[in-house]
Structures are given as structure tokens and as C-alpha cells.
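the amino acid sequence is not available; the structure is as follows:
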């Protein structure tokens with residue numbers, strides 16, 4: 001069975017690359033390389049650090065599939081290359097993208113105004129290397145998020161717009177993935193030097209914490 005960690009790269013903020021035969025990018029942002037090899041590119045919501053046309057151009061190629069919340073349809077269509085496929089999802093909906101099962105999970109704040117439930121923004125559970133990988137997006141520990149079953153979780157820890165270190169660890173200890181990767185820290189919000197280490201100390205020891213931030 002393929003090592004799941006060999007399939008995952010995390011760059012910064014919520015910018016993630018998954019590779020299992022097919023290559024997927026989620027929320028490309030501040031990309032320092034021009035890969036131009038995406039089979040599909042996923043967006044969680046339309047904030048500038050998650051939907052950056054400049055960075056999208058660095059990962060797409062001819063034939064790339066675009067995957068986004070239904071509420072982002074217009075924004076994505078405005079940058080969609082001619083002939084490209086756009087797949088949109090509402091929270092709770094599932095689809096197969098390039099042979100990989102994908103489910104959209106509602107992503108929103110409970111007590112903050114930055115990510116409203118009414119926007120119907122999402123995270124994704126994507127099957128990679130026979131594992132369920134959950135990219136939570138910009139979210140709090142919502143009832144929908146607490147119901148996620150996954151092997152690997154990429155969870156925001158930076159605070160301000162999402163869960164902070166303590167709330168993220170509490171959330172992870174509820175959903176109990178085998179592996180957790182902290183994201184969304186040390187760029188726009190959160191401390192690059194200390195947040196991931198503090199998060200790791202608060203996560204139950206039976207859950208493996210992987211810190212793989214590239215920049």
C-alpha cells in the first residue's frame with residue numbers, strides 16, 4: 001500500500017498538492033514553482049488566499065478540471081479556459097473527479113463573520129491512495145465537520161479566521177484521524193515558528209502529527 005505521506009505536499013496557507021497517479025491542487029497560493037501539471041484544481045472558497053488566479057495559472061494545464069463550491073460558479077467561470085470542465089458542489093454532495101471519490105463538507109465559522117454558513121463554502125474529503133484525506137478549508141469545529149470520517153486531516157490552526165491551536169487540537173481529538181497535518185498558519189495569520197509545535201502537544205498521542213509546511 002502506498003505511503004500516504006508521499007502523496008501529500010503542503011506549501012503555505014491552504015495550498016496543498018495531492019498525487020496518486022492523478023495530480024490535484026487545493027487552493028494554490030504564493031506558488032514558488034510553475035508546475036502546470038494539475039489534473040484537477042479545487043477551491044474551498046473565494047477569499048484571495050484561496051482563489052488566486054495568478055497562482056492557479058502556475059498549476060493548471062490544458063484539460064485541467066476545476067472543482068468549486070456551487071456558490072463560486074460565476075467567479076470560476078470568469079477565469080475558466082475555453083473547453084475546461086467545471087464541477088460544482090454544495091455541502092454534503094459527492095462526485096468522482098478523475099477517478100477519485102470526492103465529498104464536499106460544509107466549512108464555516110460558528111461565532112465569527114468571516115466565513116458564513118449561508119455562503120455554502122466547503123472543505124473536501126478526497127480518496128487518495130485508498131485513504132480518505134480531509135482538507136477542512138477555513139472552518140470551525142462545526143457539526144458537519146465533527147461528523148467527518150477520514151484517515152488524514154489537514155486542519156487550519158492559525159486562529160483569527162479559523163480555529164486556533166487549542167480549538168483545532170480539540171476538533172482533531174474528536175474526529176480521530178490516523179494522521180493530522182496542520183495548515184493555515186504562519187502566512188496570513190498564526191506563528192510559523194510555534195503554532196504547529198504547540199498544536200502537536202495538544203493532539204492525542206495516538207494521532208500522528210505531521211508538520212510538512214514547505215514555505
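Here it is on my side, so go on. Please read all numbers here as calculations on a predicted model, not as lab measurements.

ok now do the closest residue to residue 183 other than its chain neighbours, which residues does it touch?
Excluding its sequence neighbours, the residue lying closest to residue 183 (C-beta to C-beta, 6 or more residues apart in numbering) is residue 154, at 4.9 Å. Heads up, the C-betas are built off the backbone N, CA and C, glycines and all. Residues counted as contacts of residue 154 (C-beta atoms under 8 Å, 6 or more residues apart in numbering) are 8, 10, 14, 16, 133-136, 180-183.

repeat that with 10 Å
Contacts for residue 154 (C-beta atoms under 10 Å, 6 or more residues apart in numbering) come out as 8, 10, 14, 16, 18, 26, 123-124, 133-137, 177, 179-184, 210, 212.

same thing with residue 104?
42, 44, 67-70, 88-95, 120-125, 137, 144.

show me the beta-bridge partners of the residue nearest to residue 150 when sequence neighbours are not counted.
With C-beta to C-beta, 6+ apart as the criterion, residue 150 has its nearest non-adjacent residue at 3.9 Å, and that residue is residue 134. In this entry, residue 134 is beta-bridged to residue 125, residue 153, by DSSP bridges.

who's in contact with residue 134?
So residue 134 contacts 103, 105, 123-126, 145, 148-155, 175, 177, 180 (C-beta under 10 Å, 6+ apart).

equivalent analysis for residue 100, please.
18, 20-22, 24, 39-40, 126-129, 133.

mind checking which of those residues land in strands?
Secondary structure from DSSP state E places 18, 20, 22, 24, 40, 126-128, 133 of the contacts of residue 100 in strands.

is it possible to get CSV of the residues you listed that adds neighbour count, distance to residue 201 and pLDDT?
What follows is those, written out as CSV (neighbours: other C-beta atoms under 10 Å; distance: C-beta to C-beta, whole Å; pLDDT from 0 to 100):
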residue, neighbour count, distance to residue 201, pLDDT
18, 25, 27, 98
20, 21, 31, 95
22, 15, 35, 97
24, 28, 31, 98
40, 23, 35, 98
126, 25, 28, 98
127, 18, 30, 98
128, 21, 28, 96
133, 27, 24, 98
